[in-house]
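Visitor: Sharing a model prediction with you, sequence too.
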Amino acid sequence: MLQVIAEREFVRVADLSEAFGISDVTVRADLAALEISHSVRRVRGGAMAPPRGIRSEPSFEESTVEFAGEKQRIGIAAAALVAPGTSLLLDVGTTTTAVARALVARTDLEGVTVVTNGLSVALELEAAVGRLDVVVTGGTLRRLQHSLVNPMATTLLEGLRVDLAIVGCNGVDAEHGVTNLNLPEAEVKQAMIRAAERTVVVADGSKLGQVHLGRVATTDQIDTVLTGTSAPEEEMRRLRRRGVDLVRVE
């Protein structure tokens, strides 16, 4: 849908409905979700491509308030995948911070080692130290996201083999895979995926169909995508057609 809008610059709801074989109601719902993520601009009768320009990276604090309830539900679903006595890589971000919060709430978890490059994630996990072993990667501090990146961030990761990586992102697209706005953070995410037996990507619905500068992974390098109720139906269909195990958390 995004590709069609970008190519034609303006597309009517009826045209999208016919092109994708879906109802006008579904098209409008998808356009509403895409507008929230600033991917399209809705106008009377259809939608337009947004003005071209550089997409700036929102701060951690700005992202925290966007889709907060959806991120909380995704966090709970992701935390449910973690078994006692296992090892976990937990990426930086607001959705992964929600995962950390849900891990702390799981009082049944014992003997779990969590390695993170996110200071906000580490602080959330601090309340469960004793039940959880929390390891911070080290590295160079990025103030905008309170994240640790190279130099030094991936040095620790290169010596690890963990059970599960839970990774956030700025975009998940059927053709271009998982991407991120910031290149240094994308590099750390790549290292986490290489170090893990299994990778779960957590992304609120606004991230589906988005493509950004830093390639994190192709769709065949990840195992599962957990997303939320704001995810556009067409983008979910495209990902599933590529064989992605995509779960929409209600």
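Guide: Done, it's in.

Visitor: From here on, just use CA atoms for contacts and neighbour counts.
Guide: OK.

Visitor: So what does the residue nearest the centre of the chain have for phi and psi?
Guide: The residue lying closest to the centre of the chain (Cα atoms, centre = their mean) is residue 203, at 2.9 Å. Taking degrees, to the nearest 10, you get phi -150, psi 120 for the backbone angles of residue 203.

Visitor: Look up the closest residue to it, ignoring the ones flanking it.
Guide: If the residues on either side of it in the chain are set aside, residue 203 comes closest to residue 227, at 5.1 Å by Cα to Cα, 6 or more residues apart in numbering.

Visitor: Quick check: that neighbour touching residue 245?
Guide: No: checked against Cα atoms under 8 Å, the pair residue 227 and residue 245 is beyond contact range at 10.9 Å.

Visitor: picking up where we left off before, who's in contact with the residue nearest to the centre of the chain?
Guide: 71, 74, 95, 168, 169, 170, 171, 172, 225, 226, 227, 228 (Cα atoms under 8 Å, 6 or more residues apart in numbering).

Visitor: Next, the contact list for the third one, please.
Guide: Residues counted as contacts of residue 95 (Cα under 8 Å, 6+ apart) are 71, 72, 74, 75, 168, 202, 203, 204.

Visitor: Strands - which of the residues you listed land there?
Guide: residue 202 (DSSP state E).

Visitor: Backbone dihedrals for residue 234, please?
Guide: phi -60, psi -40.

Visitor: Go ahead and confirm it touches residue 1.
Guide: Yes: in this structure, residue 234 is within contact of residue 1 by Cα under 8 Å, at 7.0 Å.

Visitor: By neighbours, which of the contacts of residue 203 wins?
Guide: Neighbour counts for the contacts of residue 203 (other Cα atoms under 10 Å) peak at residue 172, which has 32 neighbours.

Visitor: Which other helices and strands does the helix or strand hosting it contact?
Guide: Using DSSP states H and E, residue 172 sits in strand 171-173. Judged by 3 or more Cα pairs under 8 Å, 6 or more residues apart in numbering; DSSP states H and E, strand 171-173 is in contact with strand 177-180.

Visitor: Give me the sheet partners of the strand it packs on and which way each runs.
Guide: Strand pairing for strand 177-180, using DSSP bridges, gives strand 171-173 (antiparallel), strand 214-217 (antiparallel).

Visitor: which sections of the chain are below the confidence cut-off?
Guide: Along the chain, segments meeting pLDDT under 70 span 7, 9, 36-38, 50-57, 65.

Visitor: Domain map for it?
Guide: 2-48, 60-248 (automatic domain parsing).

Visitor: so how far is the shortest one from its chain's centroid?
Guide: Which is domain 2-48. How far domain 2-48 lies from its chain's middle: 23 Å, per Cα atoms, centre = their mean, to the nearest Å.

Visitor: so residue 207 touches residue 177, yeah?
Guide: No: if you go by Cα under 8 Å, residue 207 and residue 177 don't touch, sitting 11.4 Å apart.

Visitor: between the two, which one's more packed in?
Guide: In this view residue 207 and residue 177 are compared by other Cα under 10 Å, and residue 207 has more residues nearby, 27 against 22.

Visitor: Ramachandran angles for that one?
Guide: Backbone torsions for residue 207, taken as degrees, to the nearest 10, come to phi -80, psi -20.

Visitor: What sits closest to it if chain neighbours are left out?
Guide: residue 171 (4.6 Å).

Visitor: before we move on, back to that, just the strands paired with strand 177-180: most buried one?
Guide: Most buried of those by mean neighbour count (mean count of other Cα atoms under 10 Å) is strand 171-173; its value is a mean of 26.

Visitor: Contacts for that strand next, please.
Guide: So strand 171-173 is contacted by 177-180, 203, 207-212, 235, 239 (Cα under 8 Å, 6+ apart).

Visitor: any chance of those in JSON lines, plus distance to residue 188?
Guide: Converted to JSON lines, these look like this (distance: Cα to Cα, whole Å):
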{"residue": "177", "distance to residue 188": "16"}
{"residue": "178", "distance to residue 188": "13"}
{"residue": "179", "distance to residue 188": "12"}
{"residue": "180", "distance to residue 188": "11"}
{"residue": "203", "distance to residue 188": "17"}
{"residue": "207", "distance to residue 188": "19"}
{"residue": "208", "distance to residue 188": "21"}
{"residue": "209", "distance to residue 188": "22"}
{"residue": "210", "distance to residue 188": "20"}
{"residue": "211", "distance to residue 188": "18"}
{"residue": "212", "distance to residue 188": "16"}
{"residue": "235", "distance to residue 188": "26"}
{"residue": "239", "distance to residue 188": "24"}
